[in-house]
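Enquirer: I would like to see how this sequence folds:
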Amino acid sequence: MTFATVLLTNTAINSGSPVRVLCKTAAVSGTKNTQQKPDANGSDMVEVQTQSYENFKYVLSNTYFTGATDTLTWDDVITLYKQKYSGSNYSTLHIKYGTSSVLNGLSESTDIKVVLKVPNLTLDTSDSKDAYRPKATLTFTETK
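Expert: A predicted model of the protein is given here:
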């Protein structure tokens, strides 16, 4: 099975050393906050103005927990989920794609500072016998 190359670092897990996230998909999304004021009596297009943008969200889908050394575990996810953000205890995502390209975040750094927002674990017996292979979708939000 081939996985995207995603490394996650946080001082609260794996003694602060990076762990590999075994995920099949890494998706990035963002939202621009815009303003548009249509003319109530008009039928023309209106100008759209960008007011601001929200921090990127990073969704790691089909994340598997194999128990292999230096890979993310469900216990690590619980630790990150329970962690209260203090401004300096962020996690760092490093996402590599293709043969050597590395994804940049909004900060234009390849070490993307993130906070775990939503973990979602699935135990599916149709995917594996007795659901022995749990998989998760993890949503991180980029931070300063």
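Enquirer: strands along this protein, start to end?
Expert: 4-9, 19-29, 32-36, 48-53, 57-64, 91-97, 101-102, 112-122, 135-142 (DSSP state E).
Enquirer: which of the ones you listed comes out lowest on mean pLDDT?
Expert: Note on the strands of the chain: lowest mean pLDDT is at strand 101-102, with a mean of 82.
Enquirer: other residues contacting that strand?
Expert: The contact list for strand 101-102, computed with Cβ atoms under 8 Å, 6 or more residues apart in numbering, reads 94, 95, 96, 110. Every C-beta, even on glycine, is put in place using the N, C-alpha and C of the backbone.
Enquirer: give me the neighbour count for the last one.
Expert: Okay, so that is residue 110. 15 (other Cβ atoms under 10 Å).
Enquirer: next one: residue 112 from residue 141, what distance?
Expert: 10 Å (Cβ to Cβ, to the nearest Å).
Enquirer: of those two, which one has the most company?
Expert: Neighbour totals were compared for residue 112 and residue 141, and residue 112 leads with 24 against 15 (other Cβ under 10 Å).
Enquirer: and that one, what are its bridge partners?
Expert: Under DSSP bridges, the beta-bridge partners of residue 112 are residue 93.
Enquirer: so it makes contact with residue 92?
Expert: Yes: using Cβ atoms under 8 Å, residue 112 makes contact with residue 92 at a distance of 6.6 Å.
Enquirer: now for residue 112 and residue 141: what residues contact both?
Expert: 56, 58.
Enquirer: partner residues bridging the residue nearest in space to the middle of the chain?
Expert: The chain has residue 58 as the residue nearest its centroid, 2.9 Å off, counting by Cα atoms, centre = their mean. Legend: beta-bridge partners of residue 58 under DSSP bridges are residue 28, residue 140.
Enquirer: any figure for the gap between the residue of the chain most remote from its centre and residue 35?
Expert: Distance from the C-alpha centroid of the chain, by Cα atoms, centre = their mean, peaks at residue 41 (43.8 Å). According to Cβ to Cβ, residue 41 and residue 35 sit 19 Å apart.
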